[in-house]
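>>> sequence and computational prediction follow.
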Amino acid sequence: MNPDSRVNGNYKLHLVLVEDDLYFMGSNGYPDHESVMRDMIPNANGTNVSLVPDVPYTQNFNFSVPALLTVENCRLIAFVQASDRSVLNAAKVELPDIIVRNVPRLAIVENNMQILEDDGDDKLNPGESANFTITIANDCLWLEGEDVLGTLSTTSPYVTITANQANYNQIAACESVANTSEPYQISVSPGAPPVADLEFELLITANLNSENPYEVVIPLSISMNLFQNHFPYAVTQPLGAGNAVIDLDGDGENEIVIGGEDFLLHVIALDGTEKTGFPFMAGDKIMGAPAIADIDNDGDLEVVFGARDGGIYVVQHDGSGEAIAMASSYLLATPSLTDFDNDGDLEIVAAGWGYDLLAVHHDGTPLAGFPKIIVGERMSTGVALADITGDGIDEILIGTRSDKLHVFNHLGVELAGFPLNVGASIKAPTTVTDLDGDNHLEILVGQDDGELWVISPSGEVLWIYDDNTASIRTAPAVADFDGDGTRETIFSALNGFLTVVDHNGVDLPGWPVFVGTDCNSSPVVADIDDDGIPEIFVGSDDELIHGYSIDGSALDIFPIHVNGAVTGTPTLADLDLDGNLELVVGTSAELAVVDIKSLGSCSEMWFTIRGDYRRTGAQLFGYVATEPSIKLPVSLSLAQNYPNPFNPNTKLDFEVPETAEVSLSIFDLRGHEIAQLLNSRFEPGAYSVTWSGRDMAEKPMETGIYFARLRSGGSEQVIKMMLLK
């Protein structure tokens, strides 16, 4: 450079390598910056120079061109900066005009693994091996690469490379070659952690017998994780409160059904794509979970959800649908389904922000006595549906922001003892179950003072668990962890504490536990290791999914990091029908599917938001111990169901003579298993279980003959039953 008369003294000389046509997402959500700084030579501090007017100055720099950089889009910018950081002069030169290209320029452009002895998820896991194909490309206008050899190495203690070299032979400029016929081979130790980054280096050599031999070492990383292949599935807006995993269209494969704040009801297949006909667009944000059942008794499943525009939407399995009824204001929560009149089709119940409690038939026509206007009491949470009076017809239980728990019958008449003031706003859905195993139901209500209230069907307060710290905004889950016929209650609070109490409201040992931050996700339970003892799962706002044993200790593979706050409630289900459970949850940024990779069961458990896909908030399924007897059973026995014929519910009593694994399943006349009522370990004694006349997909069965089979060890008992509609 030739400094002019204004330049005299000490300055900074900066040399910057810039690449054009690169974009990144700006803070406003739009692509920004056509040029990106790739390197500062020799570094960001620049070079100290002393300049004299009209005296030429020369400075030499040595630098290398970063791998994968497109030379044709690059230029060097030099500028002189004064002490006040003002720029005195600047110049640029196009990189192709000065770069020497007497060697090849090789880089990895793609890598693929062919899993050997795969467990079905098409992903590398501990204990598996793989053929590793790496594609190498040569940059345009550079010298041809001859005798190109790749040598793979690793520092990971969990990886053994059984074939570490591949010959790529010649790679001309602008061409790429893959080692398809000579793949690298690797194996991962069975003792490797299921979540790990496996680090490799590929040494590429070429033209070793020429005047300009070439060598480059390129690092690459292979991520092992527990996410199902094709997931996570990215979304633009937060997903709703919960999801369902079900074969919606009857093609033999499960789908994930979930709504989001993008106004869309998504139905995602196992390959990570939307099913034909979806997504379905509602008129506003979908804040609650979808309910799923055959509501019109036509043999096909329907999806029912509420939206912020006040609509109750019914969507068919092919993606067609509409709002069949409208509330006076927002519907912010999950609707619930039941058959009030025992006619085979289902009614829909939803609570509105505009003080209206809606109950409509499957075609949208309201039930007599509805909508029920609860003057001045806004409702932002889902209802519970359960027969708490024992008359064979469900009641409707709903909490309001005016501190009250209401219970109505199917005619819209409030039951005696209600409404009950619980002392603080109710923004959490109610749960109904038999906590103490006495064949009488209890009502569980969380409120904004951090108290969990347990109430009898007559409105009597049985006990109150006082958290004294933060609001309970999520639905309690229930489970019988020790098989004693009583149920424990699991609930989360906004302050990040997860609590488990027994049927008397006493903390179990090891509880509560702190998940680390705010907890807006409802807990669910499933037996992921098939040991007969359920585990507990919940999400938190710090982008983590947590898993706990009943003693309060974290499960080995948890917590698992996802993208986005986990405000949705997980569902545990066998999504890919491989015998292992998957954990499916929506976040503010994605739909995540965690493949737990161990035999497990979620049958008869609180495995999804509100306990089941009808979203009733009631755990009435499962076995209940009958009156104790001094004389223990001497043989496995299954009594005739009663009533028989029945519609739609029937009760089955059975006796177990010794501690053993017991299963009870329902079969049709063709011998197809249509429902599994239980499959767990029982102590000697007498028990009962109720079948609702529905199959595993919650479809109501037709009139006909069905069989119940009780099995334990080498013994079995079978009875014939008649469903009569």
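Received the coordinates, thanks.
>>> please give me every residue in contact with Gly242.
Each residue near Gly242 by CB atoms under 8 Å, 6 or more residues apart in numbering is listed here: 258, 288-289, 334, 522, 568-571, 586, 608-610. No exception for glycine: its C-beta is placed from N, CA and C like everyone else's.
>>> does Gln717 touch Ser635 like I think?
No. Using CB atoms under 8 Å, Gln717 is not in contact with Ser635, being 9.1 Å away.
>>> ok, so of the contacts of Gly242, who is nearest Ile674?
Thr608 (20.2 Å; CB to CB).
>>> contacts only, for the nearest residue to the closest one once chain neighbours are set aside.
Spatial nearest neighbour of Thr608, excluding adjacent residues (CB to CB, 6 or more residues apart in numbering): Thr571 at 4.2 Å. Thr571 sits next to 242-245, 524, 583-585, 607-609 when contact means CB under 8 Å, 6+ apart.
>>> can I get these in CSV with pLDDT?
Shown next, in CSV, are these (pLDDT from 0 to 100):
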residue, pLDDT
Gly242, 95
Asn243, 97
Ala244, 96
Val245, 95
Val524, 97
Leu583, 96
Val584, 97
Val585, 97
Phe607, 94
Thr608, 95
Ile609, 96
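>>> most neighbours out of those residues, which is it?
Within those, most neighbours by other CB atoms under 10 Å means Ile609, with 31 neighbours.
>>> contact partners for that one?
241-243, 289, 334, 475, 522, 524, 569, 571, 615 are the contacts of Ile609 under CB under 8 Å, 6+ apart.
>>> what about the residues you listed, which are in strands?
241-243, 524, 571 (DSSP state E).
>>> pLDDT below threshold where in the chain?
For the chain, the stretches with pLDDT under 70 are 1-5, 21-35, 66-68, 468-469, 621-632.
>>> tell me the SS of the residue nearest the centre of it?
By CA atoms, centre = their mean, the chain has its centre lying nearest to Val585, at 1.8 Å. With DSSP: H, G, I helix; E, B strand; the rest coil as the basis, Val585 sits in strand.
>>> name the nearest residue to it, sequence neighbours excluded.
Using CB to CB, 6+ apart, the nearest residue to Val585 is Pro570, at 4.2 Å.
>>> correct me, but that neighbour touches Val524?
Yes. Using CB under 8 Å, Pro570 makes contact with Val524 at a distance of 5.4 Å.
>>> shared neighbours of these two, anything?
Taking CB under 8 Å, 6+ apart as the contact rule, Pro570 and Val524 both touch 537-538, 608.
>>> same list, those residues, but as TSV with distance to Thr499 and secondary structure please.
Converted to TSV, these look like this (distance: CB to CB, whole Å; DSSP: H, G, I helix; E, B strand; the rest coil):
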residue	distance to Thr499	secondary structure
Phe537	15	strand
Val538	11	strand
Thr608	20	coil
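>>> now for Arg378: which residues touch it?
So Arg378 contacts 353-355, 400-402 (CB under 8 Å, 6+ apart).
>>> tell me how many other residues crowd the residue nearest to Val585.
Neighbour tally, Pro570, other CB under 10 Å: 29.
>>> which residues touch it?
By CB under 8 Å, 6+ apart, the contact list for Pro570 reads 242, 521, 524, 537-539, 545, 583-585, 608.
>>> could you redo the last one with a cut-off of 10 Å?
242-243, 521-524, 526, 537-539, 545-547, 582-586, 592, 594, 607-609 (CB atoms under 10 Å, 6 or more residues apart in numbering).
>>> pop out the phi and psi values for it.
phi -70, psi 160 (degrees, to the nearest 10).
>>> so how far is Asp467 from it?
Pro570 is 22 Å from Asp467, where distance means CB to CB, to the nearest Å.
>>> do the same with Ala244
Ala244 is 30 Å from Asp467, by CB to CB.
>>> what segments of the protein are helices?
Here the chain has no helices by DSSP state H.
>>> thinking again about what came up before, and for Gln717 and Ser635, which residues touch both?
Glu655.
>>> who has more neighbours out of these two?
Neighbours per residue (other CB under 10 Å) separate Gln717 from Ser635, with Gln717 holding more: 17 against 10.
>>> from what I see, that one and Leu664 are in contact.
Yes. Applying CB atoms under 10 Å, one finds Gln717 in contact with Leu664, separated by 9.4 Å.
>>> overlap in contacts of those two?
638, 654, 708-711.
>>> what is the nearest of those to Pro419?
Among the shared contacts of Gln717 and Leu664, Phe654 lies closest to Pro419 (CB to CB), at 40.0 Å.
>>> chain center to stretch 643-651, what's the gap?
Taking the mean of its C-alpha atoms, stretch 643-651 sits 37 Å from the chain's own mean (CA atoms, centre = their mean, to the nearest Å).
>>> buried residues in it, which are they?
Across stretch 643-651, burial judged by 16 or more other CB atoms under 10 Å covers 646-650.
>>> measure that stretch end to end?
The first residue of stretch 643-651 is 7 Å away from its last residue (CA to CA, to the nearest Å).
>>> same question, stretch 670-690
22 Å.
>>> just the strands in the stretch 251-400 of the chain please.
Listed in chain order, the strands of the stretch 251-400 of the chain (DSSP state E, counting those that start in this stretch) span 255-260, 264-268, 280-281, 291-293, 302-306, 311-316, 321-326, 336-338, 347-351, 356-360, 372-373, 384-386, 395-399.
>>> ok, Gly344 to Pro238 distance?
37 Å.
>>> looking at the two, which one has more neighbours?
Pro238 (19 against 16).
>>> excluding its backbone neighbours, what's nearest the more buried one?
Nearest one to Pro238, counting by CB to CB, 6+ apart, is Ser588 at 4.1 Å.
>>> I'd assumed Asp262 was in contact with the one you found.
No. Here Ser588 does not reach Asp262: they are 11.6 Å apart, not a contact under CB under 10 Å.
>>> name the residues contacting each of these two.
Counting by CB under 10 Å, 6+ apart, the contacts common to Ser588 and Asp262 are 235, 237-239.
>>> those residues in strands, which ones?
Leu239.
>>> distance of the residue nearest to Gly364 when sequence neighbours are not counted from Val304?
Leaving aside its chain neighbours, Gly364 sits nearest to Ile324 (3.2 Å; criterion: CB to CB, 6+ apart). Going from Ile324 to Val304 by CB to CB gives 9 Å.
>>> between these two, which is the more surrounded one?
The neighbour count for Ile324 versus Val304, taken as other CB under 10 Å, is higher for Val304 (25 against 18).
>>> leaving out the residues flanking it, which one is nearest to that one?
Ala291 (4.5 Å).
>>> which ones are touching the one you found?
242, 244, 257, 302-306, 314, 334-337, 346, 348-350, 382, 609-610, 612-616, 698.
>>> who's the closest residue to Leu415 other than its chain neighbours bridged to?
Spatially, and ignoring its direct neighbours in sequence, Leu415 is nearest to Val407 (4.5 Å; CB to CB, 6+ apart). Note on Val407: beta-bridge partners Leu397, judged by DSSP bridges.
>>> out of the shared contacts of Ser588 and Asp262, which end up buried?
Here, 16+ other CB under 10 Å leaves 235, 238-239 buried among the shared contacts of Ser588 and Asp262.
>>> can you pull the contacts of the closest residue to Ile396 other than its chain neighbours?
Nearest non-adjacent residue to Ile396, counting by CB to CB, 6+ apart: Phe408, 4.7 Å away. By CB under 10 Å, 6+ apart, the contact list for Phe408 reads 349, 357, 359, 369-370, 372, 374, 383, 395-398, 414-415, 418-419.
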